[in-house]
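# Have a look; sequence and predicted model below, questions after that.
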Amino acid sequence: YGMSQGLPIFNAQRKERMKFPMAWGGNTDESFEEWRSQARTQVLETLLVKPPRTAFNARVIAREDRGTHEAQKILFSVSADNEVPAYLLVPKGEGPFPALITLHDHGAHFSIGKEKVVRPFGVDDAVKIDAETWVSKYYGGRYIGDHLAEQGYVVFSMDALFWGERGRKEGEEYTAQQQLSANLLQLGMTWSGVITWDDIRSAEFVASLPEVDPSRIGAVGLSMGSHRTWMLSALSDRIATGAAICWMGTSDVLTSPGNNQTTGQSAYSMLVPNLRNFLDYPDVASIAAPKPMLFYNGTKDGLFPVEGVEQAYAKMQGVWDSQGQGDRLETKLWSVPHEFNAAMQDEAFAWLNAQLKPRGAESK
């Protein structure tokens, strides 16, 4: 046989040969900025072709007063191929304000996307119940987008391709993930690439808003939202800081028998072809250095074994330390499962406030 436990029988031998030659420090003759530029270029190339750009052409299609802020539902062109709905929360008062892009999770739950992080409005009761149930289970009963808007942030959130209002026309189907990924590959694209290019373009959109201070834009997300956060932080200079919750590890550990990343399907949304021949997950996240970045994981999170998390944290710490900015990397293991509970949020959001609300800007 050539396969066991979902893996090729040469899995262990292949991992031994994976040395990630483009990781920081491999070429002692290049400066950090040279490495950062080359590593970013490599990641962008492996995402494959990016969707064609066009003007955003944003328009508001619904509004709701939420006391401290206004909730807007907008339509905007994230690419020439896709006009997509999104939520935009705008604080009341005088801007420009700092902004946070709230990136929803995967969860193998596709009926909602942006509604996992922003309280929906103008929708069927079934959607509201769906969102409330999800937020209660994984976010401590708190819509993080609304909570951040109450603290004075412009908040943006949109569905990734395959979720919510960008879902499957025929209805939710778990196994359609591999079908979508395969068909995008036949078009010379990748699913992970579409998600990442869309996130990069959304950061450019947020930076263009008159209500936003373009120098104070951050990103935050749980699970796949965490993966999206550190990918976006690494690949876009529009992002000044990021808080990535419960998605980090090393390829060695994440490709061990029985790990969720070895089961296919959901993994396709975060797999970048050929990238593992150059950079490991923490290497890609390290392209964000020396930006301030926060990474949390849970010791009871079966998706991301502690051994791999600790190895990844140590590797990233070495990168930030090499630039004399070790104190700008915040890593912490919580005694929790795969979630972003209220206590984690309070600590993470206080940290984000310190990065995006410098002294003298507290009122904005």
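Done, it's in. Numbering: from 1, shown residues only.
# burial measure for Asn133, as a count.
I think there's a mix-up here, since residue 133 is Thr and not Asn. Neighbours of Thr133 under the rule other C-beta atoms under 10 Å: 12. Quick note: C-beta positions are derived from backbone N, CA and C, even for glycine.
# is it fair to say it lies in a helix?
Yes - counting by DSSP: H, G, I helix; E, B strand; the rest coil, Thr133 is found in a helix.
# Now do it, the pLDDT please.
Reading off the confidence values, Thr133 has pLDDT 98.
# same deal with Thr28?
At Thr28, the model reports a pLDDT of 78.
# So the spatially closest residue to Lys332 that is not a sequence neighbour: helix, strand or coil?
Take Lys332 and drop its neighbours on the chain: the residue closest to it by C-beta to C-beta, 6 or more residues apart in numbering is Tyr296, 5.4 Å away. Under three-state DSSP, Tyr296 falls in the strand class.
# now Thr331
strand.
# What count of nearby residues applies to Glu83?
15.
# contacts for the helix or strand where Gly318 lies?
If you go by DSSP states H and E, Gly318 is part of helix 306-322. Residues outside helix 306-322 that contact it (C-beta atoms under 8 Å, 6 or more residues apart in numbering) are 23-25, 32, 248-250, 252-254, 280-283, 285-286, 289-290, 295, 297, 299, 326, 328-329, 331, 333.
# Generate a ChimeraX selection restricted to the buried subset of the residues you listed.
To isolate the buried members of the contacts of helix 306-322 in ChimeraX, using 16 or more other C-beta atoms under 10 Å:
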select :23,24,248,249,250,253,254,280,281,282,283,285,286,289,290,295,297,328,329,331,333
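# Sort out for me which of the contacts of helix 306-322 are in helices.
Within the contacts of helix 306-322, residues falling in helices by DSSP state H are 32, 252-254, 281-283, 285.
# my read: Asp283 touches Pro21, true?
No - at 10.1 Å, Asp283 does not count as touching Pro21 under the criterion of C-beta atoms under 8 Å.
# Give me the common contacts of these two.
What both Asp283 and Pro21 touch, as defined by C-beta under 8 Å, 6+ apart, is an empty set.
# Which parts of the stretch 101-250 of the chain are helices?
Assigned by DSSP state H, counting those that start in this stretch, the helices in the stretch 101-250 of the chain fall at 125-138, 144-150, 176-186, 191-208, 224-235.
# center of this structure - which residue?
Taking C-alpha atoms, centre = their mean, the centroid of the chain lies closest to Arg228, which sits 1.9 Å from it.
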